[in-house]
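Engineer: After the sequence you'll find the predicted model.
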Amino acid sequence: MDTELRKQAAILGAFTADAASLGYHWLYDSSRIHELAAGTPEFHTPNPDDYDGVSGYFAHGHKSSGDLTHYGVHLWTAIDSLHAHSGKWNSFDYQARFCRTFDRGGSFSGYIDTATSGTLDNYFQSNKELMDKSLLQVEDVSVADLGYMRTFITKYGLIYQGKALIKAIDTLFSSFTDDTAVVEKAKKVAKYYDKHRTLHTGADDNQIPAFSKVPAVVVAELGESKLIPAVDDAVRITNNNDEAVTYAVYAARVLEKVLLGTRINDALRTSLSESPDYNGLHHNIERALESETLKPAQLAETFGATCSVPSAIPLSVAIMNQCPDYTEAIRINIMAGGDSAGRAIFLGSILGAAEGIGGNHGIPLNWISKLTELDAICEAVDLL
């Protein structure tokens, strides 16, 4: 399988695993899942009754089998950004699209996790403070014009950056005033605002949404020296937390190596040697590499099934190190319970890149066919 096919399989594998995990997402009782699923937990229709009397949180009552979770939409937003920039990663564009997608009035409808809500709060608060400073760069401007600058530069900043933002502001202000001085002042405010924007507005949160957009970054910057800095920036857009970044960078290195043809087991080990030992990362991953069980309940007990990266990444490593079969690995992951959908993006992208689409160990074609947005996802993957 060549590298381009591996890229496509990595993204399709991530989407498919995410959707497959929806039905039992955040159900923490492995025995309950085992009882209900009878060995085939994938693409289960979300049902609040499944969560009665056991540990868990029912978050997806508005969704149907085959839908993506919010993690999958994180990745979808990143893929949209790639398409808008000819397949190259643009962190500012992803940040803007993320906020447009998940903010009130955006295209996403569903559960908002703490990393996403915290990111939206931080982004709009930091932009308000930056706009206050930007408006101080001009004098002798009416209150009404200052209001227009605040409103439209902020809104257009969610769509444009750099020269495109300045051009858009020039065109807009020229359309409703003949006063060229006001137009030039609006452009001056926009230039200051654009120059001083920051990417790192993510929540101080160490949970697994940190990785959701990473497959898109790795696909875009594969083999490039700026891959790891791009991953760092992308993670901090939603999770401005050193632990989240450290684990996500480790996971990105694994995916990079597998996309270039390295076996999963070797990629898991060599990526660890290239990663800093932050907050016990080496110990946690080494434990996962030494694990000899694929029993879901034992995996959950050993590594924890929570959303935090020190739990989610090692549990995923323990599964894929022993089980390179896509179907079996995703089923084990779902059966382990907890934040199965969060782990699914990592597992699905790696296993998809390694095993491809179809065949004995790849992404099952009948699973792919169950994706609600199948046509759009296949088109997006094909454009890669």
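Structural biologist: Ah, there it is.
Engineer: Could I get the contacting residues of G118?
Structural biologist: Applying Cβ atoms under 8 Å, 6 or more residues apart in numbering to G118 gives the contacts 202-205. C-beta coordinates here come from the backbone N, C-alpha and C atoms, glycine included.
Engineer: Neighbour-wise, which one of those leads?
Structural biologist: G202 (26 neighbours; other Cβ atoms under 10 Å).
Engineer: now that residue: how far from K226?
Structural biologist: 19 Å (Cβ to Cβ, to the nearest Å).
Engineer: Quick one: the contacts of G118 as JSON lines, columns for secondary structure and distance to A267 too.
Structural biologist: Formatted as JSON lines, the contacts of G118 follow (DSSP: H, G, I helix; E, B strand; the rest coil; distance: Cβ to Cβ, whole Å):
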{"residue": "G202", "secondary structure": "coil", "distance to A267": "26"}
{"residue": "A203", "secondary structure": "strand", "distance to A267": "29"}
{"residue": "D204", "secondary structure": "coil", "distance to A267": "30"}
{"residue": "D205", "secondary structure": "coil", "distance to A267": "27"}
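Engineer: which of those residues lies closest to L36?
Structural biologist: Among the contacts of G118, D205 lies closest to L36 (Cβ to Cβ), at 30.4 Å.
Engineer: I'd assumed V245 was in contact with the closest one.
Structural biologist: No - if you go by Cβ atoms under 8 Å, D205 and V245 don't touch, sitting 11.2 Å apart.
Engineer: Just give the nearest non-adjacent residue to F92, would you?
Structural biologist: Q161 (4.9 Å; Cβ to Cβ, 6 or more residues apart in numbering).
Engineer: Ok, G352 next?
Structural biologist: Closest residue in space to G352, ignoring its immediate chain neighbours: G13 at 2.0 Å, by Cβ to Cβ, 6+ apart.
Engineer: Work out for me the element the one you found sits within.
Structural biologist: Using DSSP states H and E, G13 sits within helix 3-20.
Engineer: what's the spacing between the very next helix or strand once past that helix and its chain's center?
Structural biologist: Downstream of helix 3-20, the next assigned helix or strand under DSSP H and E is helix 30-37. Here helix 30-37 shows a centroid-to-chain-centroid distance of 28 Å under the convention Cα atoms, centre = their mean, to the nearest Å.
Engineer: looking only at pLDDT, what's the mean for helix 30-37?
Structural biologist: Regarding helix 30-37, the rounded mean pLDDT is 97.
Engineer: How about it, which residues are buried there?
Structural biologist: Going by neighbour count (16 or more other Cβ atoms under 10 Å), the buried part of helix 30-37 is 30, 32-33, 36-37.
Engineer: circling back: tell me how many other residues crowd the residue nearest to G352.
Structural biologist: Around G13 there are 32 other residues, counting by other Cβ under 10 Å.
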